[in-house]
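In: test case, fold it:
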Amino acid sequence: MAAKLVCDIFDRKYQAEYEAEVSEEERLAEQQGSKNIFDQISFLTPPKKTALRDELESYLNTDIEAVDNVIQWWIDKES
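Out: Now for the predicted structure:
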């Protein structure tokens with residue numbers, strides 16, 4: 001239920017913005033052609049939409065950590 005809620009909120013608030021941004025980047029890349037040799041390197045290209053969705057699914061499927069002090073856990077993870 002929580003995973004569906006997060007996915008729904010993502011779709012409602014960010015999906016259209018993300019798709020517009022990716023479409024613009026893809027359009028610019030097509031216009032420029034392959035003049036830059038770095039455009040051909042796969043790890044430098046922006047991730048596909050499905051890869052980002054998979055990252056969200058991966059995040060939502062991670063195990064919950066049992067911690068005694070949430071604030072201290074947050075401080076430790078932040079640094």
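In: helices along the chain, start to end?
Out: 2-10, 16-32, 49-60, 70-78 (DSSP state H).
In: rank those helices by mean pLDDT and give me the bottom one.
Out: If you rank the helices of the chain by mean pLDDT, helix 16-32 sits at the bottom with a mean of 67.
In: got the CA positions of stretch 12-23 in CSV?
Out: Only the C-alpha atoms of stretch 12-23 are listed here, as CSV (Å, rounded to 0.1, in the frame of the first residue of the first chain):
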residue,chain,number,x,y,z
ARG,A,12,1.2,12.8,-10.2
LYS,A,13,3.8,15.3,-9.2
TYR,A,14,7.0,14.4,-11.1
GLN,A,15,6.4,12.1,-14.0
ALA,A,16,5.3,14.8,-16.5
GLU,A,17,8.1,17.1,-15.5
TYR,A,18,10.6,14.3,-15.8
GLU,A,19,9.3,13.1,-19.2
ALA,A,20,9.5,16.7,-20.5
GLU,A,21,13.1,17.0,-19.3
VAL,A,22,14.2,13.7,-20.8
SER,A,23,12.4,14.4,-24.1
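In: find the nearest non-adjacent residue to W73, please.
Out: Distances taken as C-beta to C-beta, 6 or more residues apart in numbering place V67 nearest to W73, at 4.4 Å, with adjacent residues excluded. Heads up, the C-betas are built off the backbone N, CA and C, glycines and all.
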